[in-house]
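Asker: okay, predicted coordinates and the sequence, questions at the end:
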Amino acid sequence: MRAIIIDDERLARKELFKLLDDFPEIEVVGEAANADDALELINNTNPDLLFLDIQMPGKTGFELLEMLDSVPTVIFTTAYDEYALKAFEVNALDYLLKPIQAERLQESIAKLEPAKAPEDITTETERKLGLNDQVFVKDGDKCWFVRLSDIRYFESDGNYIKVFFEKFKPMIHKSLNALDEKLNRDFFRASRKHIINLSWVEGIEPWFNGGLMVRLKGGDKVEVSRRQAAKFKEKMSL
């Protein structure tokens, strides 16, 4: 598993690097002292795991996650236990308090196997985000790690997008056009206002003016515009 250490303290990075020598399954492919350098490193190396400090000069660890299209598995490392609750709200794999103890690190590593991301199988999945990818969603003080497979649909709302998963519908500052370019064929642009997750489609019925009404698992209904109806029928047919 390829990992990156992100921490503004050089000694903290060096100590964690040394501790990870005892775990040959973890390959540290780089380290960064701030969010901007980390972003470039992540884009260049495509790691499976981040050891991420929260409080850093400039942008925080949470702000770094907001900049990522797809988020690897995250283990937070910080000297401030006040952030623990927030870290678990976003469903991080684990939270290590500095100075990191070897026993606690071992506990974190033991959790990694079920969280390990599947290998990309096509060129498209390397370029586009699919059902197995994980994204970071932040709305005010609340934030989540969400698998795209759990998101039923996206809805444009002015300069924001409303993200529908479980009982939540947080808003992110992004355009629907920009998001549409990043998603693979598991998702469909139903209209100017909606993108739907095709794996959630449960039923289809004719609608006004040649459009369609799509019923998703759980009861949500999303209209497919007349312009997109033919494409949708072709995509969903055998």
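Answerer: Okay, I see it. Residues are numbered from 1 along each chain as shown.
Asker: near Leu179, how many other residues are there?
Answerer: The number of residues packed near Leu179 is 19, by other Cβ atoms under 10 Å. C-beta coordinates here come from the backbone N, C-alpha and C atoms, glycine included.
Asker: what of Asn159?
Answerer: Asn159 has 9 neighbouring residues, counting by other Cβ under 10 Å.
Asker: phi and psi next, for the nearest residue to it once chain neighbours are set aside.
Answerer: Among residues not flanking Asn159 along the chain, His173 sits closest, at 6.5 Å (Cβ to Cβ, 6 or more residues apart in numbering). Here the main-chain torsion angles of His173 (degrees, to the nearest 10) amount to phi -90, psi 90.
Asker: correct me, but His173 touches Asp157?
Answerer: No: between His173 and Asp157 there is no contact under Cβ atoms under 8 Å: 10.6 Å.
Asker: worst-scoring helix or strand of this structure, pLDDT-wise?
Answerer: Within the chain, no helix or strand scores below helix 123-127, which has a mean of 47 by mean pLDDT, DSSP states H and E.
Asker: next SSE downstream of that helix?
Answerer: Later in the chain than helix 123-127, the nearest helix or strand by DSSP states H and E is strand 134-139.
Asker: just name whatever secondary elements that following strand is in contact with.
Answerer: helix 61-67, strand 142-147, strand 171-172 (3 or more Cβ pairs under 8 Å, 6 or more residues apart in numbering; DSSP states H and E).
Asker: how about a markdown table for these, with mean pLDDT added?
Answerer: Shown next, in a markdown table, are these (pLDDT from 0 to 100):
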| stretch | mean pLDDT |
| --- | --- |
| helix 61-67 | 92 |
| strand 142-147 | 89 |
| strand 171-172 | 93 |
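Asker: single out the most deeply packed of the ones you listed.
Answerer: Compared across those, helix 61-67 shows the largest average neighbour count, a mean of 19 (mean count of other Cβ atoms under 10 Å).
Asker: does anything pack onto that one? Which helices or strands?
Answerer: So helix 61-67, by 3+ Cβ pairs under 8 Å, 6+ apart, packs with helix 35-45, strand 49-52, strand 73-78, strand 134-139.
Asker: and the second one, which residues are buried?
Answerer: So the one you mean is strand 49-52. Leu49, Leu50, Phe51, Leu52 (16 or more other Cβ atoms under 10 Å).
Asker: how about the closest residue to Leu20 other than its chain neighbours, phi and psi?
Answerer: Nearest residue to Leu20, sequence neighbours excluded (Cβ to Cβ, 6+ apart): Ile26, at 5.2 Å. Dihedral pair for Ile26: phi -100, psi 120, per degrees, to the nearest 10.
Asker: next: Ser108.
Answerer: Ser108 adopts backbone torsions of phi -70, psi -50, taken as degrees, to the nearest 10.
Asker: residue contacts, it?
Answerer: Ile75, Leu93, Asp94, Leu96 (Cβ atoms under 8 Å, 6 or more residues apart in numbering).
Asker: picking that back up, could the helices and strands packed on helix 61-67 be laid out in TSV, adding mean pLDDT and distance to Phe232?
Answerer: Putting the helices and strands packed on helix 61-67 into TSV (pLDDT from 0 to 100; distance: least, Cβ to Cβ, whole Å) gives the following:
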stretch	mean pLDDT	distance to Phe232
helix 35-45	96	33
strand 49-52	96	37
strand 73-78	92	34
strand 134-139	90	24
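Asker: nothing else from me, thank you.
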